[in-house]
Every structure is written in C-alpha cells, then in structure tokens.
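Q: sequence and predicted structure are below.
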Amino acid sequence: MNYRHAYHAGNFADVLKHAVLALLLEHLRLKAAPFCVVDCHAGTGCYDLAGIEAGKTGEYRDGIGRLLAAGPLPALLDGYLAAVRAVNAGEPELRYYPGSPLIARSLLRPDDRLLLSELHPEDSQALRRLFTGDRQVVVHRDDAYAALKALLPPAERRGLVLIDPPFEATDEFRRLLRGLGQALRRWPTGIYAIWYPIKDRQPVEAFLAELALLGRPGLVAELCRFPADSAERLNGCGLAILNPPWRLDEALATLLPALAGALEAKGGTRLSQLDRAIDRQTMLS
Ligand SMILES: C[S@@+](CC[C@H](N)C(=O)[O-])C[C@H]1O[C@@H](n2cnc3c(N)ncnc32)[C@H](O)[C@@H]1O
C-alpha cells in the first residue's frame, strides 16, 4: 500500500467527488428517517495543506484553491464549501482540507451514522484519532470490500456507500466490480457513489459497460482537466452513482459546468445515464 491521499488532497478529483458527495447527503437529509453513510476507503479524514506531502505536489492549488478563488458559484456547492470552511475556521487562509469522512460528518443529523474503513495502518489510526468520542462514527481497519460485506445492509436501510479506491492495483476495476456486485446483493437499494480515474478512455468505457450490467439505474458524472489524449496522466475522473436520488441529474447538469469553469478544466464534462448512450457531453475527445 504505497498510496497516500495526503499528496492529492483537495485536487480537482477531490473537488468533484466531495461536491457530489455533499449533494447526495443533502438529498438524503430531505427525508426525516435516519440514514447511514459507509465510506470504505476513508483516508485520514483531514489533510494539512501546509504539510510536506501536499507541499510536494501542490495539487490542491488547481483544485480547491481555484474553486475558492472563483467568482460566484452555484448554491449547490454550499454544503461542500461549508465543510471546507469549517475545518479552516480561525485560519487566515486555506490550510486544511476535509476528506470524505469529515465532509460526510458535517452533513449528518443527530440520528444519522457514518461507518468508515481504512486499511493503511497509520491513516486508519489518524482517522480513529479524528473521531475519538464521536458516537455517530465507527472506524474500522478492514479491506474495503470485506467491510462492505460486514456492514451492509445498515440497520437504517437508507443511505450511501462511497467507494473510492486508490487504483494502485492494475485489476482495481475488476476487484471493484466484484465487491460492488456482492454489496448490491446485500443492499440493492442503497445509493452507491463510485469514483474512478480517467487516463485512457477504453478501460473506463469497459468498466461502465460492466457496471450497467449490474442492473441498477445509474448516472455518470465526469470532469476532465485535459482531453483524453494521453494514457500516462490523470486526464480526468468520474463518479458513477447507482440508485441516484430523484432529480440528481438536474443538479449535476448545473454543477458540472460550474466546476469545469471554476477549475478551468479543458477536457470538458460528461453527464449521462449509465445504461444509455451519452446524452449530454461536452468537449470530450
Ligand atoms: C483515494 S484515497 C481515499 C480518500 C477519501 N475517500 C477522501 O475522499 O477523502 C483511497 C484510500 O484507500 C485506502 N485503501 C487502499 N486499499 C484499501 C483497501 N483494500 N481497503 C480499504 N482501504 C484501502 C488507501 O490507504 C487510501 O487512504
């Protein structure tokens, strides 16, 4: 396990992932019944952008740095930006970046729960420290897909699973599809948000085609910094959302171009149904 998210925290990929995560949680908050969030590749939960790792790459400058410096942003980003501002309270400028666990935590109500799993020993320790004494949050140190097997379905029977692997393993798409298939058999009605990198398009399209075969309704939201003309770099990233909440497509149709504009993404955005030909696509090559 070489991947450490501290090098990438707050980059353009985190901005897309976390903005959509906040939107999904805001949808879940519309109904009074409690919900459960399962984040099975949780990371450390909070990142110091003045630390050595973030300083080495500076990736956050093209992500959350750009977003905060952009002109007026749609209200759809309010929940996400509030979580970013909350971890920076008292700081003269952007210093910390909240990971998915802290963003999810910021949107829980008193009866909602957050179940986290992180396999890296140091990162899972940091995560435990962050949530010590918080009765709404449980931290595990399990393999993500074993955690899903153990934790699903949650007692609440409504909520969200975030699957956010590091894609270090060459067969990560395959492992993900296998783990997700098992998770869906245990909890077919949960919302699943799956993050994926876009380097070469071909494996992404093959992955999405296989995802569609799992038989759940889904949306695909992508943001590309560069046209997909080099398989060597991270050109963009996407989120596939299974069992998406009602009208999420409309929210994403506003959110994606706003993010692309603020982040000066030159590869365009894509919003489509999982099981249909692309219905809205801009500039992707
Ligand atoms: C992309 S990062 C997660 C970032 C986090 N979800 C966020 O948005 O703030 C992926 C994380 O998965 C962890 N990881 C890698 N393999 C794992 C596995 N098999 N099970 C659980 N976590 C794993 C890595 O240590 C890393 O912290």
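A: Perfect, thanks for sending it. Source: prediction; values computed, not measured.
Q: how many neighbours does the closest residue to the ligand within the stretch 1-150 of the chain have?
A: Residue nearest to the ligand within the stretch 1-150 of the chain (C-beta to the nearest ligand atom): Gly99, separated by 2.8 Å. For every residue, glycine as well, the C-beta is placed using N, CA and C. Neighbour count for Gly99, taken as other C-beta atoms under 10 Å: 30.
Q: and for Ala19?
A: Residues lying near Ala19 (other C-beta under 10 Å) number 26.
Q: contacts only, for it.
A: Contacts here follow C-beta atoms under 8 Å, 6 or more residues apart in numbering; on that basis Ala19 touches Leu76, Leu77, Tyr80, Leu255, Leu259.
Q: redo that, cut-off 7 Å
A: Counting by C-beta atoms under 7 Å, 6 or more residues apart in numbering, Ala19 touches Leu77, Tyr80, Leu255, Leu259.
Q: dump the helix or strand harbouring it to PDB, restricted to CA.
A: Using DSSP states H and E, Ala19 sits in helix 12-28. The C-alpha atoms that make up helix 12-28 are tabulated as PDB, following Å, rounded to 0.1, in the frame of the first residue of the first chain:
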ATOM      1  CA  PHE A  12      -9.600  18.600  -8.900                       C
ATOM      2  CA  ALA A  13     -10.600  14.900  -8.300                       C
ATOM      3  CA  ASP A  14     -11.400  15.600  -4.700                       C
ATOM      4  CA  VAL A  15     -13.400  18.600  -5.600                       C
ATOM      5  CA  LEU A  16     -15.700  16.700  -8.000                       C
ATOM      6  CA  LYS A  17     -16.000  13.700  -5.600                       C
ATOM      7  CA  HIS A  18     -16.700  15.800  -2.500                       C
ATOM      8  CA  ALA A  19     -19.100  18.300  -4.200                       C
ATOM      9  CA  VAL A  20     -21.200  15.300  -5.400                       C
ATOM     10  CA  LEU A  21     -20.900  13.600  -2.000                       C
ATOM     11  CA  ALA A  22     -22.300  16.700  -0.300                       C
ATOM     12  CA  LEU A  23     -25.100  16.800  -2.800                       C
ATOM     13  CA  LEU A  24     -26.100  13.200  -2.200                       C
ATOM     14  CA  LEU A  25     -26.100  13.800   1.500                       C
ATOM     15  CA  GLU A  26     -28.300  16.900   1.100                       C
ATOM     16  CA  HIS A  27     -30.800  14.700  -0.800                       C
ATOM     17  CA  LEU A  28     -30.800  12.100   2.000                       C
END
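Q: next SSE downstream of that helix?
A: Using DSSP H and E, the helix or strand that follows helix 12-28 towards the C-terminus is strand 36-39.
Q: any residue of the helix or strand just after that following strand touching the ligand?
A: Per DSSP H and E, the first helix or strand lying C-terminal to strand 36-39 is strand 46-48. No: Strand 46-48 lies apart from the ligand when judged by C-beta under 6 Å from any ligand atom; the minimum separation is 7.8 Å.
Q: surely Val161 and Gly190 touch.
A: Yes: because the distance of 5.6 Å satisfies C-beta atoms under 7 Å, Val161 is recorded as touching Gly190.
Q: what does the protein put close to the ligand?
A: Residues of the chain lying close to the ligand (C-beta under 6 Å from any ligand atom) are 1, 3, 5, 14, 17, 41-43, 99-100, 117-120, 123, 143-144, 164, 166.
Q: out of these, which are inside strands?
A: Ser117 (DSSP state E).
Q: quick one: the helices in this structure, in order.
A: In the chain, the helices defined using DSSP state H lie at 12-28, 52-57, 64-69, 78-87, 100-106, 121-130, 144-151, 172-186, 201-213, 248-262.
Q: make a markdown table out of the ones you listed and add mean pLDDT and distance to Gln136.
A: Shown next, in a markdown table, are those (pLDDT from 0 to 100; distance: least, C-beta to C-beta, whole Å):
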| stretch | mean pLDDT | distance to Gln136 |
| --- | --- | --- |
| helix 12-28 | 98 | 13 |
| helix 52-57 | 96 | 28 |
| helix 64-69 | 97 | 25 |
| helix 78-87 | 98 | 15 |
| helix 100-106 | 98 | 8 |
| helix 121-130 | 97 | 13 |
| helix 144-151 | 98 | 15 |
| helix 172-186 | 98 | 22 |
| helix 201-213 | 94 | 31 |
| helix 248-262 | 97 | 25 |
